[in-house]
Every structure is written in structure tokens, then in C-alpha cells.
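*Asks:* Here is the input, now give the coordinates:
(one chain, ligands or ions: 1)
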Amino acid sequence: MKLIIINGPNLNLLGKREPEVYGNKTFEDYFADLQSKFKGVELEYYQSNIEGEIINKIQEVGFSYDGIILNAAAFTHTSIGIGDAVKAIETAVVEVHISNTHKREEFRHISFISAAAKGVILGFGLQSYDLAIQGFL
Ligand code: DQA
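*Replies:* Numbering: from 1, shown residues only. Reported below is the predicted structural model:
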């Protein structure tokens, strides 16, 4: 099983960024935990702060990988382009968020990705990614 985690803008700052919302752990450390937990899964990680690069990555993997775990971060709430890319590909996408976006500001209640996603997992902290992998297994 070949899965990729694609993280959007500012998620490279996990560990430093608003720790009361997103926790103290860096994504690199968490990703190492996931790799040792899911040894049978070929797990990749990609992060970009640039909308077009995220679209390029979705297109690149979206016809050959078994699953995409996508946290498009702030682009979730703004990007018709990323939503269209998710619609355009064959690979199933699980949308994840670390925080419960529905408990937060109203602009975070909208997602341009959810309608095209296989499922959505949010609000479980970094464990949201773990649950998404389990969803694919
Ligand atoms: C986020 C929620 C988004 O609203 C926010 O812009 C992020 C992270 C989350 O994982 O909780 O950057 O996607």
C-alpha cells in the first residue's frame, strides 16, 4: 500500500506554531512515529506553502498511489483549484485537520475539498493522520 501525506501552508511550522492549537511536536518527528507504527505501508510526506505546488503533487500521485491524506491547511477554505484537483484524480483522498475547524472561526467551516474526499477526519490532533492511514488499511 502506497500512501502520501500532503500538508499545506504553515504546517512546516508545527511544534512552534500556536502550540495551544496544534501541539508541540514537529511533523518530521510525528512522521517518523507513523513510519515505525505502519511498517507495512509505503508512506511518503510532502509539504508546500504554495498552492500550485500542492496541485502539481496531487496530479503527480493521483493516478498511481493507493491513497492521499491531505491537510491543505488554510487552502482548504479558499482553493477551488485544490478542490478541482481532488475531483480530477482517481486516487482516493482523505481530508484531515489537526484541529476541529468547526469549533473555530466561521471561515474555517467551509471546505472546497470535502465534497470530493472519500472521508474527513478532524479534531484529533496529530492522531487525525494516524486515523486516516487506518481508514485506508
Ligand atoms: C488546519 C486548520 C486550518 O483552518 C488552518 O488554516 C491550518 C491547519 C488543521 O490542521 O487544523 O493551517 O488545517
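*Asks:* Show me what from this protein comes close to the ligand.
*Replies:* Contact residues of the chain with respect to the ligand, defined by CB under 6 Å from any ligand atom, are listed as Asn10, Asn71, Ala73, Ala74, Thr76, His97, Ile98, Ser99, Thr101, Arg108. Quick note: C-beta positions are derived from backbone N, CA and C, even for glycine.
*Asks:* The same query, at a cut-off of 5 Å, please.
*Replies:* Of all the residues in the chain, those in contact range of the ligand (CB under 5 Å from any ligand atom) are Ala73, Ala74, His97, Ile98, Ser99, Thr101, Arg108.
*Asks:* mind checking how far the second one is from Gln134?
*Replies:* Using CB to CB, to the nearest Å, we find Ala74 at a distance of 26 Å from Gln134.
*Asks:* the more surrounded of those two?
*Replies:* Ala74 (15 against 11; other CB atoms under 10 Å).
*Asks:* Got the confidence number for that one?
*Replies:* Model confidence at Ala74, given as pLDDT, is 98.
*Asks:* For it, which non-adjacent residue is spatially closest?
*Replies:* Pro9 (5.5 Å; CB to CB, 6 or more residues apart in numbering).
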